[in-house]
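> next one to model:
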Amino acid sequence: MDLLCQPNVIITSRPNAALPASVKNIDLELETIGFYPDQVKAYLETDPRTKESAVKIQTFLDAHWLMQGLMRIPIQLDALCYTWKDFKGSDVPDTMTRIYSAIEENLWRKDAVRLEKMTEGEAEQALPTEITQNIQPETKFLECLAFNGLCSDVIKFTPEHRDKLVGRFSLTLTVNDTMNRLSFLRSSESSRHEDRSYHFIHLTFSRILCGTISCTALGWKQAP
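Numbering: from 1, shown residues only. Alright, predicted model coming up:
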């Protein structure tokens, strides 16, 4: 708290963070919302090896004004670039729902390797259903985590929250080890795995993972 007693202080935080009661009269509050259009273009052109893809992605965004705004979010633009190689000709999705579905499929394909369910070569050749069948326990876990987070307005999942999850559901995996291997999640900087908190790379992905799960099916409406 000594720092906050100084005449000028810059405070950075996640959007859900709460300031101490002693901190009053903030002069200016700003929210980072993502890239400007020229920064999106610069991002796409950063890697000279992907110049051809960059031109196609930029052309695609120019033709879809709604997606231009959504892809200003760096993590979503990065996910689109990662997925783009799998779109063939006219097969490029024309809605955000299809874009996110394609991104989700590719992240699971990547994670099937990280979870040691498949080799890299097997994952590249696998059919979508084969990927789905191989990562069923992890999918169930993430769906439960995402649904509870949305129902209970929880963004950061603490060790206590994860312990509650294990106690409530029959999970056939080791939670902390699994969370460290999933591309859908990011962790805090704690050096101890058991002390880390986790959050989804973007809330959009937590909503996608909720799928058709119901509160009744989960039997859990309050976050610990």
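> domain-wise, how is the chain divided?
Domains of the chain are assigned by automatic domain parsing as 37-132, 136-218.
> just the strands from the protein, written as ranges.
185-187, 198-200 (DSSP state E).
> and these as JSON lines, adding mean neighbour count and distance to residue 143?
Heads up, the C-betas are built off the backbone N, CA and C, glycines and all. Output for the strands of the chain, formatted as JSON lines (neighbours: other C-beta atoms under 10 Å; distance: least, C-beta to C-beta, whole Å):
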{"stretch": "strand 185-187", "mean neighbour count": "16", "distance to residue 143": "13"}
{"stretch": "strand 198-200", "mean neighbour count": "21", "distance to residue 143": "12"}
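> export these to a markdown table and tack on distance to residue 124?
Below are those laid out as a markdown table (distance: least, C-beta to C-beta, whole Å):
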| stretch | distance to residue 124 |
| --- | --- |
| strand 185-187 | 23 |
| strand 198-200 | 25 |
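> closest to residue 62 out of those?
Of all those, it is strand 198-200 that lies closest to residue 62, at 28.8 Å by C-beta to C-beta.
> so how far is that closest one from its chain's centroid?
Put simply, strand 198-200 sits 7 Å off its chain's centre (C-alpha atoms, centre = their mean, to the nearest Å).
> what helices or strands is it leaning on?
With contacts taken as 3 or more C-beta pairs under 8 Å, 6 or more residues apart in numbering; DSSP states H and E, strand 198-200 sits against strand 185-187.
> hang on, the earlier thing: in CSV, list the strands of the chain along with mean pLDDT and distance to residue 29.
What follows is the strands of the chain, written out as CSV (pLDDT from 0 to 100; distance: least, C-beta to C-beta, whole Å):
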stretch, mean pLDDT, distance to residue 29
strand 185-187, 88, 24
strand 198-200, 88, 21
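> show me where this structure has its helices.
37-44, 51-63, 65-70, 74-84, 96-114, 120-125, 128-134, 136-152, 159-168, 175-181, 203-210, 215-218 (DSSP state H).
> flag every buried residue along the fifth one.
Buried positions in helix 96-114, judged by neighbour count with 16 or more other C-beta atoms under 10 Å: 99-100, 102-104, 106-113.
> what would these look like in a markdown table with pLDDT and distance to residue 27?
Listed next are those as a markdown table, based on pLDDT from 0 to 100; distance: C-beta to C-beta, whole Å:
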| residue | pLDDT | distance to residue 27 |
| --- | --- | --- |
| 99 | 79 | 39 |
| 100 | 79 | 38 |
| 102 | 82 | 43 |
| 103 | 83 | 39 |
| 104 | 85 | 41 |
| 106 | 86 | 43 |
| 107 | 88 | 40 |
| 108 | 91 | 45 |
| 109 | 91 | 47 |
| 110 | 91 | 43 |
| 111 | 94 | 43 |
| 112 | 94 | 49 |
| 113 | 95 | 48 |
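> quick one: low-confidence residue ranges for this structure.
Applying pLDDT under 70 to the chain flags residues 1-5, 14-17, 49, 88-90, 94, 189-191, 193, 210-224.
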